[in-house]
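> turn this into a structure:
(3 chains, ligands or ions: 3)
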Amino acid sequence: MMEPVTLSEPQPPLQNNLSTSPKKFHVLVGVTGSVAALKLPLLVSGLLEVPGVEVQVVTTERAKHFYNPQEIPVTLYSDADEWQLWKDRSDPVLHIDLRRWADLMLVAPLDANTLAKIANGICDNLLLSSQSFPIRVEAVAVSLHLMQIHGGCQHIASVTRLDLSTTAQMKTCVIRAWDMTKPLLFCPAMNTAMWEHPITAEQIERLKGFGYTEIPCVVKKLVCGDEGRGAMAEVWTIVEKVKMIFSERELPTQR
Amino acid sequence: MMEPVTLSEPQPPLQNNLSTSPKKFHVLVGVTGSVAALKLPLLVSGLLEVPGVEVQVVTTERAKHFYNPQEIPVTLYSDADEWQLWKDRSDPVLHIDLRRWADLMLVAPLDANTLAKIANGICDNLLLSSQSFPIRVEAVAVSLHLMQIHGGCQHIASVTRLDLSTTAQMKTCVIRAWDMTKPLLFCPAMNTAMWEHPITAEQIERLKGFGYTEIPCVVKKLVCGDEGRGAMAEVWTIVEKVKMIFSERELPTQR
Amino acid sequence: MMEPVTLSEPQPPLQNNLSTSPKKFHVLVGVTGSVAALKLPLLVSGLLEVPGVEVQVVTTERAKHFYNPQEIPVTLYSDADEWQLWKDRSDPVLHIDLRRWADLMLVAPLDANTLAKIANGICDNLLLSSQSFPIRVEAVAVSLHLMQIHGGCQHIASVTRLDLSTTAQMKTCVIRAWDMTKPLLFCPAMNTAMWEHPITAEQIERLKGFGYTEIPCVVKKLVCGDEGRGAMAEVWTIVEKVKMIFSERELPTQR
Ligand SMILES: Cc1cc2nc3c(=O)[nH]c(=O)nc-3n(C[C@H](O)[C@H](O)[C@H](O)COP(=O)(O)O)c2cc1C
Ligand SMILES: Cc1cc2nc3c(=O)[nH]c(=O)nc-3n(C[C@H](O)[C@H](O)[C@H](O)COP(=O)(O)O)c2cc1C
Ligand SMILES: Cc1cc2nc3c(=O)[nH]c(=O)nc-3n(C[C@H](O)[C@H](O)[C@H](O)COP(=O)(O)O)c2cc1C
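Ligands and ions are numbered 1, 2, ... in the order given. Below is the predicted model of the structure:
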């Protein structure tokens, strides 16, 4: 499970300098509602085999239909789960700023819907599916807490109640508020008809224009026997690409 | 009601060749949250009068406020209804791939919101309103089933539990994953102020650029006595256009 | 609280002419889910100090996390609250067409998400968060009522049951269906990383291209000590701008 950031530890990025152990590379995996999300357990294992890599996952609600969270041996952020998770804990909520924590963001698979939302700057997606959104927040404490998460501040206050929107917020803000000096990789995955729609190429170009890196999809034999482009790149291709970027950029030293 | 695709019938498109009866033309009507959705019963009747035409309807949640489902004598796909429908059945779920089934898609009325979503490639709209989205899916069987629907495969497996997202999925994927060789017609409908917003013309051009066909809206006397453009084309105009396209393209022979 | 539009009063705009008191300037404030929504009470007080100004507020669900509705001394429209409000009343529902009522729309703060939705013509935002959306509407009466609100007609019928979607509808249609001859001001507010994303400038230009007026954001010291652009303009700046526009345009005389 995730390495808890304690309250007496005001500067999570310093962790690496403070530790005598080798550098940690923090990969934040974003997973969306493509059938290729079935490969999430494989992808996470693959990444964890890279020396020094730590992984956390942010998921859309749709993506959760394709894998079993029990098979993901790292922290998984989502609306409902997170809410459940924290409700049962009497400890202070230990939370971290995912966006700051991450050295690299990897959206795999990236479905057509989230592709469109990113291309258009819409940042409500995890929020859309939250069914038990709390009616009213105990404003002051939580706002402050949320603000810190949102603003990316290091001093995480202890709060005893966590607003669902905190986590709901994260993924979208992770992408919309991404620090452009850090790599963001995306792995499109959709069926061939969706892939061939003219809007797909246009939106992928747009993401590349933002400075994000495409890990192109591949031709695959479909369930029905046809062949077509649109399948997510192989897990090993993705892991290799992450390794390459880490070595190229010598991450996370540039932080 | 819908013609069930039985499990022993692996190639639904062959239906037409196998049957000795005259060709069937399959019209999939998509209906969105414009007040013009009041005319859905009329539109469906109009289409059903065309010899050989079969109709199915996919609806957004908003659209359901404008008509009475009991007045729609064909299969109606939506989040909640479908879910209810299948829950009570002990038979295996017999489901079909709407996108493959359809020879022509007719979005009538197309409201400003769904126009924007199509123009931008966003494909979550039916999903947005699903209130009772199932927490976790019995993954294997259902995923497979969903995958087949989504991927457009012919071999429909029997499953005893249907995920809400299957149906939630359909409409959006029907449009986003539309086979561009088949006609897609759309009938904008909005109030005059919405119609005159510069974004409307731009997005309608975009849809035409995708290869979709506009059935233009008309000038109408509004409830308040004013006159203005933005009303959905008359039902007979729409039905005539569908007939014309079927004869022009000699559908569905080109399948 | 809001001035009720009685059923015997078919032309609300005439109110001003009929009244012997000085002109009223109607400001409709739209508030979205930025942390700057904390300033809503301040903004509303500031506006109410301008002679002749009347204010109503439409809020997204997210925005409600940042202020206390009890501190807003004017009518506040939102999905849930409105629904609650009307449920308890036995009087006929007196409702008005916000879009027609308003002389000026002020979106403050405008967050990145709603910015994107407006730029792309998506008009479902208040609807997204409605949790208790009524399953089926008592169609005739309510549709008529809704149609009138939507169509902007003056003759408001009395109905005893109000559909949630009425109010859900309003904000989005207020913007998407805005009468372009009236001013619409927007005050962006987001964290610096979001602000610096290339899509932000592009979408702000787009809104200006629609004819809307930007009240630019400012540089602020962030919670974490950093400085950065993205903070909402000061409340007094916004109020001054509204005053200026009213005097420039001599509103609402041009109605
Ligand atoms: C079985 C199934 C498989 C799907 N596979 C894909 C896919 O590979 N690519 C894609 O773009 N959408 C796919 N979809 C559609 C998305 O799940 C849908 O657009 C959803 O709204 C995406 O939500 P999200 O982007 O918030 O995760 C699939 C849907 C289902 C039901
Ligand atoms: C009574 C009423 C009538 C409406 N009529 C229209 C219309 O004619 N055109 C339109 O674009 N939107 C109209 N709307 C707004 C849409 O219903 C709203 O944008 C909704 O979010 C659309 O959702 P959908 O696209 O998922 O169906 C109307 C809303 C109401 C309450
Ligand atoms: C504590 C907190 C503060 C936020 N502040 C902002 C902000 O200042 N600007 C912004 O664009 N988004 C901000 N967000 C993100 C939006 O609330 C989020 O994108 C939401 O979906 C917006 O919904 P709405 O546009 O329907 O109000 C914040 C989120 C949280 C949890």
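> okay, CA-based contacts and neighbour counts for the rest of this
Noted.
> separation between the nearest residue to A:Phe66 once chain neighbours are set aside and C:Tyr67?
Among residues not flanking A:Phe66 along the chain, A:Leu38 sits closest, at 5.0 Å (C-alpha to C-alpha, 6 or more residues apart in numbering or on different chains). Distance of A:Leu38 to C:Tyr67, computed by C-alpha to C-alpha, to the nearest Å: 41 Å.
> same deal with A:Met180?
Counting by C-alpha to C-alpha, the gap from A:Met180 to C:Tyr67 is 32 Å.
> looking at these two, which is more packed in?
Using other C-alpha atoms under 10 Å in any protein chain shown as the criterion, A:Met180 and C:Tyr67 rank with C:Tyr67 on top: 21 against 14.
> confidence score at that one?
At C:Tyr67, the model reports a pLDDT of 89.
> so who does A:Leu110 touch?
A:31-34, A:186-189 (C-alpha atoms under 8 Å, 6 or more residues apart in numbering or on different chains).
> so which residue of the stretch 101-250 of chain A comes closest to chain B?
Nearest residue of the stretch 101-250 of chain A to chain B: A:Met194, at 4.3 Å (C-alpha to the nearest C-alpha).
> ok, that residue touching B:Val174?
No. If you go by C-alpha atoms under 8 Å, A:Met194 and B:Val174 don't touch, sitting 9.6 Å apart.
> isn't A:Met190 right up against A:Lys220?
No. Assessed by C-alpha under 8 Å, A:Met190 is found out of contact with A:Lys220, at 11.2 Å.
> what is in contact with those two at once?
Between them, A:Met190 and A:Lys220 share these contacting residues under C-alpha under 8 Å, 6+ apart: A:230-231.
> and those two? which has more neighbours close in?
It is A:Met190, of A:Met190 and A:Lys220, that has more neighbours when counted by other C-alpha under 10 Å, with 26 against 17.
> for the more buried one, list the residues it contacts.
Each residue near A:Met190 by C-alpha under 8 Å, 6+ apart is listed here: A:34, A:111-112, A:230-232.
> include pLDDT and secondary structure when you put the residues you listed into JSON lines, please.
Formatted as JSON lines, those follow (pLDDT from 0 to 100; DSSP: H, G, I helix; E, B strand; the rest coil):
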{"residue": "A:Ser34", "pLDDT": "87", "secondary structure": "coil"}
{"residue": "A:Asp111", "pLDDT": "92", "secondary structure": "coil"}
{"residue": "A:Ala112", "pLDDT": "92", "secondary structure": "helix"}
{"residue": "A:Gly230", "pLDDT": "91", "secondary structure": "strand"}
{"residue": "A:Ala231", "pLDDT": "92", "secondary structure": "strand"}
{"residue": "A:Met232", "pLDDT": "96", "secondary structure": "coil"}
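> quick one: which of those residues is nearest to ligand 2?
A:Ala112 (17.9 Å; C-alpha to the nearest ligand atom).
> next one: the nearest residue to A:Val53 once chain neighbours are set aside from A:Glu54, what distance?
Leaving aside its sequence neighbours, A:Val53 sits nearest to A:Phe25 (C-alpha to C-alpha, 6+ apart; 4.6 Å). Relative to A:Glu54, A:Phe25 is positioned 6 Å away (C-alpha to C-alpha).
> A:Lys39 now?
Per C-alpha to C-alpha, A:Lys39 is found 18 Å from A:Glu54.
> neighbour count: the two, which is higher?
Neighbours were counted for A:Lys39 and for A:Glu54 using other C-alpha under 10 Å; A:Glu54 has more, 20 against 16.
> just the pLDDT for that one.
Predicted confidence (pLDDT) for A:Glu54: 96.
> check contacts around the residue nearest to A:Ala189 when sequence neighbours are not counted.
Distances taken as C-alpha to C-alpha, 6+ apart put A:Met232 closest to A:Ala189, at 4.6 Å, once the chain neighbours are dropped. Neighbouring residues of A:Met232 by C-alpha under 8 Å, 6+ apart: A:36, A:108-109, A:187-190, A:216-218.
> show me which of those are buried.
Taking 16 or more other C-alpha atoms under 10 Å in any protein chain shown as the criterion, what is buried in the contacts of A:Met232 is A:36, A:108-109, A:187-190, A:216-217.
> now, which of those sits nearest C:Leu104?
Proximity of these to C:Leu104 was ranked by C-alpha to C-alpha; the top entry is A:Pro188 with 42.9 Å.
> look up phi and psi at the closest one.
The phi/psi pair for A:Pro188 (degrees, to the nearest 10) reads phi -60, psi 150.
> show me what it is bridged to.
When bridges are called by DSSP bridges, A:Pro188 pairs up with A:Leu110.
> got a list of what it touches?
A:Pro188 neighbours (C-alpha under 8 Å, 6+ apart): A:108-112, A:115, A:214-217, A:230-232.
> again, only using 7 Å
Contact partners of A:Pro188, counting by C-alpha atoms under 7 Å, 6 or more residues apart in numbering or on different chains, are A:109-111, A:216-217, A:232.
> and it, how far is that from A:Arg229?
Look at A:Pro188 and A:Arg229: by C-alpha to C-alpha, they are 11 Å apart.
> spell out which residues are contacts of both of the two.
A:Cys217.
> helices of the stretch 101-250 of chain A, start to end?
Using DSSP state H, counting those that start in this stretch, the helices found in the stretch 101-250 of chain A span residues A:112-119, A:125-128, A:139-151, A:164-176, A:192-196, A:198-209, A:235-249.
> where does A:Asn191 fall, phi/psi-wise?
The phi/psi pair for A:Asn191 (degrees, to the nearest 10) reads phi -80, psi 170.
> returning to that earlier point: out of the contacts of A:Met232, which touch ligand 1?
Near ligand 1, judged by C-alpha under 6 Å from any ligand atom, the entries from the contacts of A:Met232 are A:36, A:189-190.
> closest one of these to B:Arg99?
For the ones next to ligand 1 among the contacts of A:Met232, the nearest to B:Arg99 is A:Met190 (15.2 Å; C-alpha to C-alpha).
> export the contacts of A:Met232 to a markdown table and tack on pLDDT and distance to B:Val58?
Formatted as a markdown table, the contacts of A:Met232 follow (pLDDT from 0 to 100; distance: C-alpha to C-alpha, whole Å):
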| residue | pLDDT | distance to B:Val58 |
| --- | --- | --- |
| A:Ala36 | 92 | 26 |
| A:Ala108 | 96 | 30 |
| A:Pro109 | 96 | 27 |
| A:Cys187 | 97 | 30 |
| A:Pro188 | 97 | 27 |
| A:Ala189 | 95 | 25 |
| A:Met190 | 90 | 22 |
| A:Pro216 | 97 | 33 |
| A:Cys217 | 95 | 30 |
| A:Val218 | 94 | 31 |
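> now tabulate these in a markdown table and tack on distance to B:Phe246.
Output for the contacts of A:Met232, formatted as a markdown table (distance: C-alpha to C-alpha, whole Å):
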| residue | distance to B:Phe246 |
| --- | --- |
| A:Ala36 | 37 |
| A:Ala108 | 41 |
| A:Pro109 | 38 |
| A:Cys187 | 39 |
| A:Pro188 | 35 |
| A:Ala189 | 34 |
| A:Met190 | 30 |
| A:Pro216 | 38 |
| A:Cys217 | 36 |
| A:Val218 | 36 |
